[in-house]
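**Student:** Take this sequence and fold it.
(2 chains)
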Number of protein chains: 2
Amino acid sequence: MTTNQQILLASRPQGEASAANFRLVETALPALNDGQVLVRHHYLSLDPYMRGRMNDSKSYAQPQPLDTVMIGGTVGEVADSRHPTFKAGDKVVGMGGWQQYSVVDAGQPGMLRKVDTTHIPLSAYLGPVGMPGVTGWYGLMKICEPKAGETVVVSAASGAVGSVVGQLAKVRGCRAVGLAGGADKCKYVVDELGFDACIDYKQHPDLKSLSAALKDACPKGIDGYFENVGGMILDAVMLRANAFARLAFCGMISGYNGEPIPMTYPQLILTNRLKIQGFIVSEHMEVWPEALKELGTLVAGGRLKYRESIAQGIAAAPEAFLGLLKGKNFGKQLVKLT
Amino acid sequence: MTTNQQILLASRPQGEASAANFRLVETALPALNDGQVLVRHHYLSLDPYMRGRMNDSKSYAQPQPLDTVMIGGTVGEVADSRHPTFKAGDKVVGMGGWQQYSVVDAGQPGMLRKVDTTHIPLSAYLGPVGMPGVTGWYGLMKICEPKAGETVVVSAASGAVGSVVGQLAKVRGCRAVGLAGGADKCKYVVDELGFDACIDYKQHPDLKSLSAALKDACPKGIDGYFENVGGMILDAVMLRANAFARLAFCGMISGYNGEPIPMTYPQLILTNRLKIQGFIVSEHMEVWPEALKELGTLVAGGRLKYRESIAQGIAAAPEAFLGLLKGKNFGKQLVKLT
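**Tutor:** Numbering: from 1, shown residues only, chains lettered A, B, ... in the order given. You can find the predicted model right below:
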């Protein structure tokens, strides 16, 4: 009988998350009922939003219950099926969680989707052609609304979401400026991803220095900003924002551990007539087909580049996740499960 | 020969504005050139935005130059005209400034507009049927986008703008909740203006207390917020905002003296998918006809109420303005010049 290694949420973090918040268990796989599909996961996606679900506080997402398998996106292969739409060997994307296998009620809409790996690698469906890609697409297109010639800035620019934002902005004729931590990431953002500039925020420990760097990188000011980080970077961007700039709030990883990080100059929202809007991509399923079509076409054509950090084996997931929260990953953080 | 008493900007405030920043002068009225109109002002409008123009810092508006007549909206009567559209006795609204008379190049679009005082008092064109009214209309309709059954909150609720916001929200079937300073203003907001509730923020010196008062007044949370104040009131409102709430930033009077007042919980923008947008009504002239039509109809029909604080004589303008900045006015602050 096949067993299934799983990572459960063992306890809620007090402040920073740690390995002690997770527990690895091994369970027996149940027999399939009618309509169910057994998926063997090839890759698990690790994403910053998972940190929010570890808290018990009111948030946009239901807290992850204790002693249950951590939620997460997965790609894999159908190992066994009692649903007519799926057959063994089909490549599928779903929300299988932090485990080697999942049993899916495949008849429920949105639970499992077959994907074509002829021109797009399976793992890309967890990155640029998956939730992170659509996240970047939505925030850029529907909130930042970039026009050719404008300047778009994105934080965490080498990450799974940020890398998509800047490349899509370039496709639309904008100047794309990234923020990333470290010279290696900044070099990658400019040389590989094709951004016009990238600021290493680690070289700018105070607001004045960071604001000056943004002024250099954005000589015409900032028209669109895609926020993945919060804190001082947000303050610095707001100080360089043009009138009528649009700021999409996608993540505030700097505040995930609970301590509130103030916005220093909210009066700039008024004086510069800024629009700031938060969003969660899963609430905008109506744009997914359009977004995935563009993202898939760009990836298949080699015009949308991405990078993956791959941890090996389910037991490595907690440490990889904690590293992601500290920016240790480089590109999309995955866990390979086969 | 007629003379013209004027108030000039004598110096820029360091911190709080004071009477010493203004100077009263008396000048001779020039003869009219072709195309010019002499307007005798009946009322001068005092508005919080004027404080921003007294500063020299970068802002949305050009700073008021030193030693020039303070800018301001006026209503009055044509005293003499060398423009074919205007004749002596016409009632007009314009930007005549802090002075008894103005000489207007009436051919330039937007400089002078004839108004009908059959059903609407002349002074109302500086209040609910003028810039403050359209300001409330725009922020509510175009940013808060209220739907029947939702809850709309407005700060400075007894003021020229706030009073319009709440009454328009009621017309649209919303619950309208105000914030104002003092029991008299709150009683007026509920009993006279017809808001559902009004919170006396002076009774709630800390965030916890104010947040609890908002919870009581808004049992279904807050869907729209019209911001005239900033600071702690904004924090308290954000803590009670529902998912997808819309916040229109119209004024941040609490920050006009230069000290930045942080927004304590910007992560709520993300977790509650808030939209926050700043605006300046003069940049949206396309909505003025529609807005003025509704506002004029409501005022003429007695369905949009308003109150005026009237100071007497141009020399009283500086003190009245300083009082406005401290919330000493009750309703629209005007200076009567006849």
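
**Student:** Against residue A:224, how distant is residue A:230?
**Tutor:** 17 Å (Cβ to Cβ, to the nearest Å). Backbone N, C-alpha and C define where each C-beta goes, glycine included.

**Student:** residues contacting the residue most central in space within chain A?
**Tutor:** Note on chain A: the residue nearest the mean C-alpha position is residue A:132, at 4.1 Å, using Cα atoms, centre = their mean. Shown in contact with residue A:132 (Cβ atoms under 8 Å, 6 or more residues apart in numbering or on different chains): A:45, A:47, A:126, A:159, A:160, A:161, A:164, A:332.

**Student:** how close does it get to chain B?
**Tutor:** To chain B, residue A:132 is 16 Å away according to Cβ to the nearest Cβ, to the nearest Å.

**Student:** Could you look up the SS state of that residue?
**Tutor:** Look at residue A:132: counting by DSSP: H, G, I helix; E, B strand; the rest coil, its state is helix.

**Student:** Between the two ends of stretch A:136-150, how far is it?
**Tutor:** Stretch A:136-150 has an end-to-end distance of 17 Å (Cα to Cα, to the nearest Å).

**Student:** Buried ones in that stretch, by neighbour count?
**Tutor:** Neighbour-count burial for stretch A:136-150 flags A:136, A:137, A:138, A:139, A:140, A:141, A:143, A:144, A:146, A:150 (criterion: 16 or more other Cβ atoms under 10 Å in any protein chain shown).

**Student:** And the fifth one, how close does it get to chain B?
**Tutor:** Applying Cβ to the nearest Cβ, the value for residue A:140 to chain B is 16 Å.

**Student:** What does that residue show for phi and psi?
**Tutor:** phi -70, psi -50 (degrees, to the nearest 10).

**Student:** what's the answer for the third one, then?
**Tutor:** With angles defined as degrees, to the nearest 10, residue A:138 sits at phi -60, psi -50.

**Student:** Quick one: residues contacting it.
**Tutor:** A:279, A:281, A:284, A:287, A:291.

**Student:** Please apply the same query to the fourth one.
**Tutor:** By Cβ under 8 Å, 6+ apart, residue A:139 lies in contact with A:165, A:226, A:248, A:250, A:279.

**Student:** Of all pairs in the contacts of residue A:132, which one spans the longest distance?
**Tutor:** Maximum pairwise distance among the contacts of residue A:132 (Cβ to Cβ): 14.3 Å, between A:45 and A:164.

**Student:** For those two, indicate the residue with more neighbours.
**Tutor:** residue A:164 (32 against 25; other Cβ atoms under 10 Å in any protein chain shown).

**Student:** ok, residues contacting the lengthiest helix in chain A?
**Tutor:** For chain A, the longest helix by residue count, based on DSSP state H, is helix A:288-300. With Cβ under 8 Å, 6+ apart as the contact definition, helix A:288-300 has outside contacts at A:119-120, A:124, A:128-129, A:133-134, A:137-138, A:141, A:164, A:167, A:171, A:304, A:306.

**Student:** buried residues in stretch A:20-39?
**Tutor:** Buried residues in stretch A:20-39 (16+ other Cβ under 10 Å): A:21, A:22, A:29, A:32, A:36, A:37, A:38, A:39.

**Student:** ok so the last one is a helix residue?
**Tutor:** Read it as residue A:39. No: assessed with three-state DSSP, residue A:39 is strand; it does not lie in a helix.

**Student:** hey, what's it bridged with?
**Tutor:** residue A:78, residue A:102 (DSSP bridges).

**Student:** Give me the distance between it and residue A:192.
**Tutor:** 32 Å.

**Student:** just residue A:270 next, same as before
**Tutor:** Residue A:270 is 39 Å from residue A:192, by Cβ to Cβ.

**Student:** Compare those two (neighbour count), which wins?
**Tutor:** Neighbour count, other Cβ under 10 Å: between residue A:270 and residue A:192, residue A:270 has more, with 24 against 14.

**Student:** pretty sure the more buried one is in a strand, no?
**Tutor:** No: counting by three-state DSSP, residue A:270 is not found in a strand; it is helix.

**Student:** Was I right to think it contacts residue B:247?
**Tutor:** No: look at residue A:270 against residue B:247 with Cβ atoms under 8 Å: they stay out of range, at 11.1 Å.

**Student:** ok, now how distant is the residue of the stretch 101-250 of chain A found nearest chain B from residue B:99?
**Tutor:** Closest approach between the stretch 101-250 of chain A and chain B, counting by Cβ to the nearest Cβ: residue A:249, at 4.5 Å. As judged by Cβ to Cβ, residue A:249 and residue B:99 stand 46 Å apart.

**Student:** ok, now residue A:149?
**Tutor:** Distance from residue A:149 to residue B:99, counting by Cβ to Cβ: 43 Å.

**Student:** What parts of the stretch 151-300 of chain A come near chain B?
**Tutor:** Contact residues, the stretch 151-300 of chain A versus chain B (Cβ under 8 Å from any Cβ of the partner chain): A:230, A:234, A:243, A:249-252, A:255, A:260-267, A:269-280, A:283.

**Student:** among those residues, which are in helices?
**Tutor:** Short answer: those in helices (DSSP H) are A:234, A:267, A:269, A:270, A:271.

**Student:** in chain A, which ranges drop under the pLDDT threshold?
**Tutor:** A:1, A:58-61, A:253-258 (pLDDT under 70).

**Student:** Could you rerun that using 80?
**Tutor:** Filtered on pLDDT under 80, chain A yields the residue ranges A:1, A:57-62, A:251-260.

**Student:** And stretch A:188-196, what's buried?
**Tutor:** Per 16+ other Cβ under 10 Å, stretch A:188-196 contains these buried residues: A:188, A:189, A:190, A:193, A:195, A:196.

**Student:** Now distance to residue A:316 and secondary structure too, for those residues, in TSV please.
**Tutor:** TSV is the format used below for the buried residues of stretch A:188-196 (distance: Cβ to Cβ, whole Å; DSSP: H, G, I helix; E, B strand; the rest coil):
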residue	distance to residue A:316	secondary structure
A:188	23	helix
A:189	26	helix
A:190	30	helix
A:193	27	coil
A:195	30	coil
A:196	36	coil
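
**Student:** Return the member of the residues you listed nearest to residue A:218.
**Tutor:** Residue A:218 lies nearest to residue A:196 out of those, by Cβ to Cβ, at 9.3 Å.

**Student:** and that closest one, how far is that from residue A:127?
**Tutor:** Distance, residue A:196 to residue A:127, using Cβ to Cβ: 23 Å.

**Student:** how about the strands in the stretch 151-300 of chain A?
**Tutor:** Remark: strands assigned in the stretch 151-300 of chain A by DSSP state E, counting those that start in this stretch are A:151-154, A:175-180, A:197-200, A:222-227, A:241-249, A:275-278.

**Student:** same deal with the stretch 1-150 of chain A?
**Tutor:** Under DSSP E, counting those that start in this stretch, the stretch 1-150 of chain A gives strands at A:3-9, A:22-28, A:36-45, A:74-81, A:91-94, A:101-105, A:112-114.
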